[in-house]
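Asks: Need a 3D model of the sequence below.
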Amino acid sequence: MAVESSASSSTAQPTSVLASVLLSYAYVALWISLSFTVIVYNKYILDPKMYDWPFPISLTMIHMAFCASLAAALVRVFRLVDLPSDPPMTSSLYAATVVPIGALYALSLWFSNSAYIYLSVSFIQMLKALMPVAVYSLAVAFRTDSYRRASMLNMLAISAGVAVAALGEARFDVFGVTLQLAAVAAEATRLVLIQMLLTSRGIKLNPITSLYYIAPCCLLFLAVPWMVVELPRLRAVGNTVSPDLLVFGTNSLCAFALNLAVFLLVGKTSALTMNVAGVVKDWLLIAFSWTVIKDTVTPVNLAGYAIAFLGVAYYNHAKLQGLKAKEAERKAASISPAMEEDAEAGKRLLTQDKANARRN
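Replies: Numbers count the residues shown, from 1 in each chain. Down below sits the predicted model:
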């Protein structure tokens, strides 16, 4: 009976490991699919040669209104998600943490969606390779990370690759590049502030509670440039431009589902896994942009992005090694007290044995 039990447990363990690996791949595939869909869908809506609805702020506001409404329903009506209670989200804490993050999120979405009007999907993905550069530089500036020469050289290599890709871009637009770089800067600042304002205070938000708090704030910030930039244009065109409910409804649903996929991927695997999956997604988008949308991708484009890709791959590898080293230190620190206790117990036992031997 003992042999049968051992055999069954040994076969069950590889099965459970295989199931866990397959589930992780499923989360990665889901996130890549949804991220891919949202990017291409936004490009389709905003591009003058496709759906031709050149109102990126309005599109982003539709997304935020949809996500805020659905998140509020899940939290307040259906009560499927609990709000953080330790610490509770007070009005002063909301103003100090969520408001600046919401403002940066509004800028990031506004600039990145606007860039699709001027740039190709493939070139935008190449410019997004600068994200690790921006995040690391800001982290060093805000002293949430330490300066390392090897890391800075890695960042310079990524920047050089993106610069080469820009030199080979057939549809280079200065305003579009400026918008995308501004989006990268805003998003990088938002990520650093999340670490500084939320994580450091022990505030943990999943994508539903994040949308519940941040989406309404983001919507209000977007309303300011919308009234100045797009509202007069919408009034000028009048009823000649009206959004299709099916197109914008499914587009907003995909954007909301993408936030859930981020939660599943990071929660069930790691943020590093999402970074690696992001590199795969970028290559798929470049291939799709080249073959389906028929955007021009030059050999210089690909050579430059290949350099940036290698830099990002090395960056992810270095992060993985750093995480492994920290985990090894943590295990060693937890083992050391136990070993010291065992040694102390051994000494006490040896002393007691010697005392007993003297008595005898």
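Asks: mind listing the helices in the stretch 1-150 of the chain by residue range?
Replies: Ranges of helices within the stretch 1-150 of the chain are 2-46, 56-72, 91-93, 99-118, 121-128, 131-141, 149-167, based on DSSP state H, counting those that start in this stretch.
Asks: So for the third one, mean pLDDT?
Replies: Okay, so that is helix 91-93. Taken as a whole, helix 91-93 has a mean pLDDT of 93.
Asks: Also the fifth one?
Replies: Averaged across helix 121-128, pLDDT comes to 92.
Asks: How about the last one?
Replies: Helix 149-167 shows a mean pLDDT of 92 in the predicted model.
Asks: nearest to L193, of the helices of the stretch 1-150 of the chain?
Replies: Proximity to L193 (C-beta to C-beta) singles out helix 99-118 among the helices of the stretch 1-150 of the chain, at 5.6 Å. Every residue, glycine included, has its C-beta placed from N, CA and C.
Asks: That closest one packs against which elements?
Replies: helix 2-46, helix 56-72, helix 121-128, helix 174-193, helix 207-225 (3 or more C-beta pairs under 8 Å, 6 or more residues apart in numbering; DSSP states H and E).
Asks: show me where pLDDT drops low in the stretch 201-350 of the chain?
Replies: The model of the stretch 201-350 of the chain has pLDDT under 70 over residues 266-274, 335-350.
Asks: can the helices of the stretch 1-150 of the chain go into JSON lines with extra columns for distance to D173?
Replies: JSON lines is the format used below for the helices of the stretch 1-150 of the chain (distance: least, C-beta to C-beta, whole Å):
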{"stretch": "helix 2-46", "distance to D173": "14"}
{"stretch": "helix 56-72", "distance to D173": "15"}
{"stretch": "helix 91-93", "distance to D173": "41"}
{"stretch": "helix 99-118", "distance to D173": "4"}
{"stretch": "helix 121-128", "distance to D173": "9"}
{"stretch": "helix 131-141", "distance to D173": "20"}
{"stretch": "helix 149-167", "distance to D173": "11"}
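Asks: circling back to that earlier point, can the helices and strands packed on helix 99-118 go into CSV with extra columns for mean neighbour count and distance to P232?
Replies: Below are the helices and strands packed on helix 99-118 laid out as CSV (neighbours: other C-beta atoms under 10 Å; distance: least, C-beta to C-beta, whole Å):
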stretch, mean neighbour count, distance to P232
helix 2-46, 14, 19
helix 56-72, 21, 12
helix 121-128, 24, 27
helix 174-193, 19, 19
helix 207-225, 21, 12
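Asks: Can you redo these as JSON lines, where the extra columns are distance to D86?
Replies: JSON lines is the format used below for the helices and strands packed on helix 99-118 (distance: least, C-beta to C-beta, whole Å):
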{"stretch": "helix 2-46", "distance to D86": "28"}
{"stretch": "helix 56-72", "distance to D86": "20"}
{"stretch": "helix 121-128", "distance to D86": "35"}
{"stretch": "helix 174-193", "distance to D86": "21"}
{"stretch": "helix 207-225", "distance to D86": "13"}
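Asks: What would stretch 175-185 look like as CSV? C-alpha coordinates only.
Replies: What follows is stretch 175-185, C-alpha atoms only, in CSV (Å, rounded to 0.1, in the frame of the first residue of the first chain):
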residue,chain,number,x,y,z
PHE,A,175,4.9,65.5,-33.8
GLY,A,176,3.9,61.8,-33.6
VAL,A,177,7.3,60.9,-32.2
THR,A,178,7.0,63.7,-29.6
LEU,A,179,3.6,62.5,-28.6
GLN,A,180,4.8,58.9,-28.1
LEU,A,181,7.9,59.9,-26.2
ALA,A,182,5.7,62.1,-23.9
ALA,A,183,3.4,59.0,-23.4
VAL,A,184,6.5,56.9,-22.4
ALA,A,185,7.7,59.6,-20.0
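Asks: Outside of that stretch itself, list whatever touches it.
Replies: Residues outside stretch 175-185 that contact it (C-beta atoms under 8 Å, 6 or more residues apart in numbering): 107-112, 114-115, 117-119, 124, 127-128, 130-131, 134, 166.
Asks: cool, and stretch 64-78?
Replies: Against stretch 64-78 from outside (C-beta under 8 Å, 6+ apart): 80-81, 83, 109, 208-209, 211-212, 215-216, 218-219, 222, 249, 252-253, 255-256, 259.
Asks: can you give me the end-to-end distance of that stretch?
Replies: 20 Å (C-alpha to C-alpha, to the nearest Å).
Asks: Report the separation between A215 and M64.
Replies: 5 Å (C-beta to C-beta, to the nearest Å).
Asks: before we move on, back to that, among the helices and strands packed on helix 99-118, which comes closest to G238?
Replies: Across those, closest to G238 is helix 56-72 (C-beta to C-beta), at 14.7 Å.
Asks: In the stretch 51-200 of the chain, where is pLDDT below threshold?
Replies: For the stretch 51-200 of the chain, no range has pLDDT under 70.
Asks: Surely A170 forms part of a strand?
Replies: No. Secondary structure of A170 (DSSP: H, G, I helix; E, B strand; the rest coil): coil, not part of a strand.
Asks: Not counting sequence-adjacent ones, nearest residue to it?
Replies: Of all residues not flanking A170 in the chain, T296 sits nearest, at 4.0 Å (C-beta to C-beta, 6 or more residues apart in numbering).
Asks: From S122, how far off is the one you found?
Replies: According to C-beta to C-beta, T296 and S122 sit 9 Å apart.
Asks: Repeat that for F248.
Replies: Relative to S122, and taking C-beta to C-beta, F248 is found at 25 Å.
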